[in-house]
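Novice: got a predicted model here, sequence first, then my questions.
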Amino acid sequence: MDVTLQIDLIKNKPIDWPRLEDDDFIMVAGSARPLIDAFRLAHVEVIEWLETEYGFDRWEAYQVLSQVGTSSVSNIVDPQYTVVAKFPKKYLPQPEAHSLFGEPLYAPANASFGWDGGWRISGVIVRPSRFFRRG
């Protein structure tokens, strides 16, 4: 089995916990004691990542992460517990493009547009004007 690992050092962009990506997820590993603190730290960092890099509002990020996110306990042997919080990439905003009327031309993957003017993602309604970053 071959594994390719890429590590990027981005200067002047501090983060609190390691951020990981694969083809399907963005992930954060948080370590602390007790276990609930490791869980909280990992999830807060994912929410901050969704805010800063993908244009989510804090409460929208919290709500969508609680609906579609997953987590796993990765370490309970060391003095510090480690939890990995995962957010599926298929729910991240697509590249920004708008019609002449200002409405987005791209929907989040696996989303449907509702008559109330919002995208439905696993039962969560996200308004396009807040879900997509505008210039």
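Specialist: Yes, it's here. Numbers count the residues shown, from 1 in each chain.

Novice: I'd assumed Ser31 was in a helix, is it?
Specialist: No - going by DSSP: H, G, I helix; E, B strand; the rest coil, the assignment for Ser31 is strand, not a helix.

Novice: hey, what's it bridged with?
Specialist: According to DSSP bridges, the partner residues bridging Ser31 are Thr82.

Novice: next, count neighbours for Glu51.
Specialist: With neighbours defined by other C-beta atoms under 10 Å, the count for Glu51 comes to 15. Just so you know, the C-beta spots here come from the backbone N, C-alpha and C atoms, and that holds for glycine as well.

Novice: let me redo that: Ala38
Specialist: A count of nearby residues for Ala38, using other C-beta under 10 Å, gives 26.

Novice: which SSE is it in?
Specialist: Under the assignment given by DSSP states H and E, the secondary-structure element containing Ala38 is helix 35-54.

Novice: show me what that helix is packed against.
Specialist: Using 3 or more C-beta pairs under 8 Å, 6 or more residues apart in numbering; DSSP states H and E as the contact definition, the elements that helix 35-54 packs against are strand 25-32, helix 58-68, strand 70-75, strand 81-88.

Novice: out of these, which is the most enclosed?
Specialist: Mean neighbour counts were taken over the helices and strands packed on helix 35-54 using mean count of other C-beta atoms under 10 Å, and the top value, a mean of 22, falls to strand 81-88.
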